[in-house]
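**Q** Give me the fold of what follows.
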Amino acid sequence: MARIGVISISDGRGHVHERVREFIRAKEDRLAGALEAAGHEVVRAGESLSSNAIATARAREVAAAGVDLTVFYYAVWAFPHFSMLAADATESPLVLVASTDPAEPGLVGMLAAGGSLDQIGREHTRLWGAPEETELVARIGAVAGAAAAVRGLRGRTFGRFGGRPMGMNTTVANTDQWMRRFGIDVEEIDQYELVLRAERADAAEAKRAREWLERYAAGVHYDGAKLTPELLERQIRSYLAIRDIIEERHIDFSGIKAQPELTENFATMDVTEAFLNDPYDWNGPKAPHITATEADMDGALTMQLMHEISGDPVLFADVRHYHADRDIWDLCNSGQHATWYAARSADPAENLAKVHLYPEVFFFPAGGASVQHIAAPGQMTLGRLTRADGAYRLQLMLGEFENYDEATNTELVNQSTPEWPHAFARLDAPAEVFLSNFGANHIHAVPGDRRAELVAAARMLGVEVQEWSRR
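**A** Model (predicted):
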């Protein structure tokens, strides 16, 4: 949850302020209590703003507390220049909230302040309602969550293992643009570093991890050639190696090229990528480390933003096939789906019970295991940050992941690559609109409806939003 500053704005006439002071306080108490009950940390100004000096001083104090979002609260008519001074004293995104109690003209105060902020070009969001109104608290929370996520991006370091894979321009972003727009640095790391460290990784831990997978996975399908215990342990040692590099170089999220060098000569990165993205491994719970296959920078950036907002692992997939007869999409990519998506359980054993490790297919002659499962059903938010003429845009839609009976699932996966993970998605966007406009072959998803937070985050980042729907 987010840290939210709450500042109430009052009337500048002393005798009026004295009359409405307790009314403002009571309203603010109820709003702050509702936000805290929703899980947010609330930093309050301590008194309502009734003079120029108080406006600047209290706003600076709230800003110094490191809030993600600042709420200006209007329970009464408020002198607009107090809002202007307070806005100048804080750098966080602003939400103006008006009380709709007809006893006092809170709406008038908000509109007067909002118009003044418009005149100087200060971005803000306007909301209104009773202090404990569920919808109002949820909407403030969505903007606050977006603000916390955007703030969380700044100062991050992305680790790129290898360069552009297989000529895919959509996976390579401008590092100057990333620093300017998102505050993210890019650390370039050669894939050979991963190979060297994998060779030196703890063999005993790799063996223990392999046995853990053999015990809990639905199946580890060794074939004596493309998938052997030795190859699986090489993939696990790659995971251990990249974890060491991440810790040593303070990498916050990453991408691994893999194709064609590692997949031709070493091993696929499917196991490595899946368990980096998972909230656990054989040692127990851990924080997901967002990792994109094919060193997809914009994919990783989208996933990191979705993770900052939701706290969940984020799915990465190719838009593999559209089943027009069923109006569903097969989202499929070699091993990239975190195993958490198999059942979305806090217990890894429940997820792994639906996961198969199959020998890799002909695309990857170096072999290793692909991490196969069908993503659990449920509402999902899907999208991606893509670029058009050098400018970022957020392409966004709601959808549902679906599962079917065993025969239907088998029929569908066998039409593409059965050894790879699949998510069967029904998108709230017409196929013609999606295929004509989506700016990449990779798509990303998190559970639930996270559109409000993502739209708010995009606006804070100065990114255009393209949201698609059948309605």
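**Q** Mind pulling the model confidence for the closest residue to Ser51 other than its chain neighbours?
**A** Leaving out its chain neighbours, the residue that sits closest to Ser51 by CB to CB, 6 or more residues apart in numbering is Gly12, at 6.5 Å. Using the backbone N, CA and C atoms, a C-beta is placed for each residue, glycine as well. Among the per-residue scores, Gly12 holds a pLDDT of 97.
**Q** do you know how far Gly12 is from Gly378?
**A** The gap separating Gly12 from Gly378 is 52 Å, by CB to CB, to the nearest Å.
**Q** How about the secondary structure of the residue nearest to Ser51?
**A** Put simply, Gly12 is coil when judged by DSSP: H, G, I helix; E, B strand; the rest coil.
**Q** Identify the residues contacting stretch 257-266?
**A** Stretch 257-266 has contacts (CB atoms under 8 Å, 6 or more residues apart in numbering) with 160-166, 191, 194-195, 198, 234, 238, 256, 268-269, 293-295, 360, 363-366.
**Q** To clarify, my last question referred to stretch 379-386.
**A** Stretch 379-386 has contacts (CB under 8 Å, 6+ apart) with 170, 298-299, 301-302, 305-306, 315, 392-401, 425, 427, 438-440, 442-451, 454, 463.
**Q** Filter those residues down to the ones in helices?
**A** When DSSP state H is applied, the contacts of stretch 379-386 are split such that 298-299, 301-302, 305-306, 451, 454 fall in helices.
**Q** Throw together a PyMOL command that grabs the buried residues out of those.
**A** Under the burial definition 16 or more other CB atoms under 10 Å, those of the ones in helices among the contacts of stretch 379-386 that qualify are selected in PyMOL by:
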select buried, resi 298+299+301+302+305+306+451+454
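**Q** Can you tell me which of the ones in helices among the contacts of stretch 379-386 lies closest to Asp252?
**A** Nearest to Asp252 among those is Leu301, at 11.3 Å by CB to CB.
**Q** Now do the same contact list for the closest one.
**A** Counting by CB under 8 Å, 6+ apart, Leu301 has contacts 158, 173, 178, 182, 184, 385.
**Q** Do you know the pLDDT at it?
**A** 98.
**Q** Report the separation between it and Val465.
**A** Counting by CB to CB, the separation of Leu301 from Val465 is 15 Å.
**Q** for Arg181, same thing?
**A** Distance, Arg181 to Val465, using CB to CB: 15 Å.
**Q** Gln336 versus Met269, what's the distance?
**A** Using CB to CB, we find Met269 at a distance of 9 Å from Gln336.
**Q** These two: which is more packed in?
**A** When Met269 and Gln336 are compared for neighbours, Met269 comes out ahead with 30 against 26, by other CB atoms under 10 Å.
**Q** Setting the sequence-adjacent residues aside, check what's closest to the more buried one.
**A** Ala258 (4.4 Å).
**Q** next one: Glu400
**A** Residue nearest to Glu400 in three dimensions, not counting chain neighbours: Arg426, with 4.7 Å by CB to CB, 6+ apart.
**Q** Residues touching the helix or strand hosting Ala407, excluding its own?
**A** Using DSSP states H and E, Ala407 sits in helix 406-414. Helix 406-414 has contacts (CB under 8 Å, 6+ apart) with 323, 330, 374, 403-404, 418, 422, 424.
**Q** now for the helix or strand containing Leu231, which elements pack on it?
**A** According to DSSP H and E, Leu231 maps onto helix 229-249. On a contact count with 3 or more CB pairs under 8 Å, 6 or more residues apart in numbering; DSSP states H and E, helix 229-249 meets strand 157-161, strand 185-189, helix 191-200, helix 203-216, strand 253-256, helix 270-277, strand 369-372.
**Q** average pLDDT across it?
**A** If you average the pLDDT over helix 229-249, you get 97.
**Q** same check, this time on stretch 265-282
**A** Stretch 265-282 comes out at a mean pLDDT of 96.
**Q** buried ones in that stretch?
**A** Those would be 266-282, for stretch 265-282 by 16+ other CB under 10 Å.
**Q** And stretch 187-204, by the same measure?
**A** Across stretch 187-204, burial judged by 16+ other CB under 10 Å covers 187, 189, 191, 194-195, 197-198, 201.
**Q** and the residue lying closest to Leu276 once chain neighbours are set aside, how many neighbours?
**A** Counting by CB to CB, 6+ apart, the nearest residue to Leu276 once its immediate chain neighbours are dropped is Thr291, at 4.2 Å. Using other CB under 10 Å, Thr291 is surrounded by 31 other residues.
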